[in-house]
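> sequence plus the predicted model coming up.
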Amino acid sequence: MSTTLSRVQRVETVTRGATFVLRRLITAVITLLGVTLIVFFLTRGVGDPVYILQGSTPMTPEQLDLLRQQYGLDRPLWEQYLDYLGGLVQGDLGTSLYTKKPVTAELAIYFPATLSLSVAALILGVIITVPLGVASAIKPGSFWNRLSIGFTRFGVAMPSFWFGLLLVYVFVYVLKIAPAPTGQLPIGMAAPPRVTGLIPIDALLAGEWNVFGAAMGQLALPVLALALTSFPALLALTESVTARVLRSDYMRTARATGLPPSMAYGRYAARNIASPIVTQIAMTFGFLLGGTVLVEFVFSWPGIGQYAVLSMQRLDFAPVIGIALLTSTIYLVLYFISDLVSLALDPRIRHDS
Amino acid sequence: MSSDSRWLRRAGLGALAMFATATLVTACASDSTSNEDSDSGSGEDRTLVVGIGGDPANLDPQAGSNAVDNEISMNTYLQWLQYALPEVTGDEIGVTDVSQVVGEGVEIETSEDGLVSTFTIRDGLVFPSGNPVTSEDFRYTIDRSLTESMGSAFIFQTAGVTDVAQFEAISDTEFTLTVPEPSPLMLPLFRDQSISVLDSVELEKHATPDDPWAKEWLTQNSLGGGAYTLATYEPGNQIVLELNAEYPGAEDIYFEKVILQIIPAEDQRAQLLASGTLDIAQGLSVDSAESLKGTDGVRIEGLPTRAQDIMGFVQTFEPFQDVRVREAVAAAVDYAGLAEFVGKGYADQPMGMWPQNSYYFDADLDNNPLVTDLDRARQLLAEAGYADGFTFDIAVSTAEAGAQAQAVAVQSALAEVGVTVTITQLAPAAFSEQLAADSGQAFIRTASSYVDDPYYSMFLFYTTDAVLNWWAMDNADINAVAEQMRTEIDPEKRMALASQAQELLNAEVPHLVLAEPYYIFAAGDDIQGFVQSPDGLIRYATLTRAE
């Protein structure tokens, strides 16, 4: 009897899981389709790119018409959109009007720079804010609590790019202890052979320790700028969730029944605290991947933020849509992963779903 | 102490330890490279580090679309001709002699009737691929340009070369171009970097059935042949050029390597120049230039140019059909204020419709309409039936911060005579589209013609069919003068015709000239040998570093 029941439960769990994944996939496809539709027609409304493409050499109206023909810009918009979707289904994000390179190839150049910045900022931000939030919740009114309040207020009030500028001014130009904001490597230093596109990792793989050190040095200030300004929400959430869990009836009961602290806090409290924190970390990571454009600008960081700005200025449609799609996909994937992690951590969510 | 407190305290200390470790790692990483960085940039004597604002859009010289593209082409490709470069010593700034066009890749001789030009390729020219430079490379360059209607086709067509059949190879090192009528523009146009000589043998290796002219390959690669060759290009980061040892006179060129470092933020370029990390900072605004003035180790030079900040009236819109209205607006603008407060000393007041730094400028004309006189402005408005003023829109591009500041100054000045101005900011493409379609009432932008030739300016901006006739102007007298200039090759007669054109333009007032902006050369004070050229492009081969 019990074997039959557990089999039924397993089938139910698998069915629920499959339904959950399917629903998320359908939502994702509809969302991405919406993104292509909105971005495609919005960018086409900004202007005709042939006037930028002609550049410094004047072109006659006939030459401009020829350019439109060459790039298919003379066709009806709906036809261009359907063409784009046709390519998209086959994994083709289109081609840049300027570099003539596939957008996927260009994203592969620019995205690793943003990824390395975002991952490093995420690691540092989580290392700082999660323990600080927990410590603050444990002892209200303590030094950690006051530090946490100060950190949250600072993060909310200080724009990351402005803080980045201050860091550059103080550490590069005044104290002269940080490298100049010249991108991922100092001027004149050659990048290691490309394997992952992440320069610190590629430098390690190539055994180029000086390049690794230099790359880490270049990361330091932009990562600090992002880590100290992008995590107030995570800090506040960690603090409030921890306080709520520590003061909950079930924790009091757990301690009263003689459970050792490692089990009470390390297992029961941690699992209840982790679920919302994981979701918030995923949201912050998504924000970092898509929202570091101003920090990239300040530090001459060749990431997708810069690529997006450049493409918009040039009215290079395919990269703009490609970047929007990439950013949307990242958000969707991160939310999906955070949902899965929450499902695994919190049985109440499993039950509700 | 309870076991709970001890456990929580341990957790807290653990967190603190992690935070401290993270901070230490970050600080160490930062410190480990700060010294290394000081060795780069100007520390390497034979390496020139130039800060630029963004990536090149296209490395194909025939399709260059911005100053970065053009500067790379100018320095990495063999040119047909060039303006005569002066000898520059010490801290002097040289200025190219636009009345003298000399051979770089070729020597040129033109027949007496001006119809046949014979080009002789200089001895011993070799591309970096090892292929010798031959007549076929020039034919290929023309053919590719015209067949594919590249941006460079404008140069050939304007010079009278509309069909590759006009080319005839006499030998591997000699060829002729025959034009249907004498072209005074051929020499100055053929120094344009967009017609750089292409290594046809090498480029054909990259052609495909779908792309017979290897356009796709050339967008991201370089064939070279100029003083420098493209060594590496890391998008978003840097472009490295290395001295081309095969280039004639390479042994006299000082810088062996040029690093074009992409620093998108203008303020950072300025600060990196001030800190000695950059040798040259390109594209600095007057504000940045002003802020750097007096900084130790930095040299800021404002150099007069032929560029003009213009405010155009589109004559298809009321009330700009009436020349009195255009004159009234011209008389209401405060030119001295614009040069002082917007130009901040890096611009000249205009002296007429023609750039005062042009070889052809006539300073003796007495009908300059660009003189501030509010009473005259009010009187002209009243005569035109607009005594109570009128309202109009000025469009500016969001890419031109200076134009926005000028628009505000114009708005304020015109309010004094009862004219209300609305400023509309447009994205660069939308702005250019509006200009081409003559669909806005007025606009402000910077304009300049690379070629200092009166017919080129007329043909580009002022005849009815001009490709950049942004003002929808249709003046029969101006068309007639331009037509005479088209084939007139006698220098004195061209000068007289240029004066006549300037007088007519001063009377027509198709646009205002708000100011004549300077070129800002911002460099380390040890950088010498700079030669200012009408195209605003830097020739790295002329630069040296003071020992």
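All right, it came through fine. Computed from a prediction, not measured in an experiment: that's the story for all the values here. Residues are numbered from 1 along each chain as shown, chains lettered A, B, ... in the order given.
> for the nearest residue to B:Ala347 once chain neighbours are set aside, give me phi and psi.
Computed as Cβ to Cβ, 6 or more residues apart in numbering or on different chains, the closest residue to B:Ala347 that is not its neighbour in sequence is B:Ala515, at 4.0 Å. Backbone N, C-alpha and C define where each C-beta goes, glycine included. Note on B:Ala515: its backbone torsions stand at phi -170, psi 160 [degrees, to the nearest 10].
> remind me, longest helix of chain A?
The longest helix of chain A (DSSP state H) is helix A:2-44.
> buried sites along whatever helix or strand A:Leu85 lives in?
Assessed by DSSP states H and E, A:Leu85 sits inside helix A:77-89. For helix A:77-89, the neighbour count (16 or more other Cβ atoms under 10 Å in any protein chain shown) marks A:80, A:84, A:87-88 as buried.
> around chain A, which positions in the stretch 201-350 of chain B sit nearby?
Residues of the stretch 201-350 of chain B lying close to chain A (Cβ under 8 Å from any Cβ of the partner chain) are B:215-216, B:219-220, B:232, B:234-238, B:259, B:261-265, B:268, B:271-272, B:274-275, B:277.
> now list the buried members of those residues.
Here, 16+ other Cβ under 10 Å leaves B:215-216, B:219-220, B:234-238, B:259, B:261-265, B:268, B:271-272, B:274-275, B:277 buried among those.
> skipping adjacent residues, who's closest to residue 335 in space?
Since no chain was named, I'll use chain A. Using Cβ to Cβ, 6+ apart, the closest residue to A:Tyr335 is A:Ala282 (6.3 Å).
> the intended chain is chain B.
Leaving aside its chain neighbours, B:Tyr335 sits nearest to B:Gln349 (4.7 Å; criterion: Cβ to Cβ, 6+ apart).
> tell me the pLDDT at the one you found?
At B:Gln349, the model reports a pLDDT of 94.
> give me the contacts around stretch A:149-164.
Contact with stretch A:149-164 is made by A:128-129, A:132, A:136, A:221-222, A:225-226, A:228-232, A:235-236, A:292, A:294-295, A:297-299, as judged by Cβ atoms under 8 Å, 6 or more residues apart in numbering or on different chains.
> within reach of chain B, which of the residues you listed are there?
A:128, A:132, A:221, A:297-298.
> out of these, which are inside helices?
Judged by DSSP H, those include A:128, A:132, A:221, A:297-298 as members of helices.
> can you say which of the ones next to chain B among the contacts of stretch A:149-164 are buried?
Neighbour counting with 16+ other Cβ under 10 Å marks A:128, A:132, A:221, A:297-298 as buried within those.
> export these to a markdown table and tack on pLDDT?
Shown next, in a markdown table, are those (pLDDT from 0 to 100):
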| residue | pLDDT |
| --- | --- |
| A:Ile128 | 91 |
| A:Leu132 | 91 |
| A:Leu221 | 95 |
| A:Phe297 | 92 |
| A:Val298 | 92 |
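> determine which two of those residues are furthest apart.
A:Leu132 and A:Phe297 (29.0 Å; Cβ to Cβ).
> what parts of the stretch 201-350 of chain A come near chain B?
So the stretch 201-350 of chain A meets chain B at A:210, A:213-214, A:216-221, A:223-224, A:255, A:260-262, A:265, A:297-298, A:300, A:302-303, A:306-307, A:309-310, A:313-315 (Cβ under 8 Å from any Cβ).
> circling back: and the buried ones among the residues of the stretch 201-350 of chain B next to chain A, which of them are in strands?
Within these, residues falling in strands by DSSP state E are B:234, B:238, B:259, B:261-262.
> flag the shaky bits of the chain, pLDDT-wise.
If you meant another chain, say so; for now it's chain A. The model of chain A has pLDDT under 70 over residues A:1-5, A:55-57, A:291, A:346-353.
> not quite, go with chain B.
B:1-44.
> for B:Thr232, phi and psi?
Here is the backbone geometry of B:Thr232 (degrees, to the nearest 10): phi -140, psi 150.
> wait, isn't B:Ala289 in contact with B:Glu301?
No: applying Cβ atoms under 8 Å as the test, B:Ala289 and B:Glu301 come out as separate, 9.1 Å apart.
> higher neighbour count, those two?
Higher neighbour count among B:Ala289 and B:Glu301: B:Ala289, with 22 against 16, using other Cβ atoms under 10 Å in any protein chain shown.
> how much space between that one and B:Asp322?
40 Å (Cβ to Cβ, to the nearest Å).
> what helix or strand is the closest residue in space to A:Thr36 that isn't next to it in sequence located in?
Excluding its sequence neighbours, the residue lying closest to A:Thr36 (Cβ to Cβ, 6+ apart) is A:Ile321, at 6.1 Å. Assigned by DSSP H and E, A:Ile321 belongs to helix A:317-345.
> closest approach to chain B from the stretch 251-353 of chain A, which residue is it?
The stretch 251-353 of chain A approaches chain B most closely through A:Pro302 (2.4 Å), counting by Cβ to the nearest Cβ.
> pretty sure that residue sits in a helix.
No: read with DSSP: H, G, I helix; E, B strand; the rest coil, A:Pro302 is coil and lies in no helix.
> the residue nearest to B:Ala415 when sequence neighbours are not counted sits in which helix or strand?
The spatially closest residue to B:Ala415, leaving aside those adjacent along the chain, is B:Val421, at 7.6 Å (Cβ to Cβ, 6+ apart). For B:Val421, the element it lies in under DSSP H and E is strand B:420-426.
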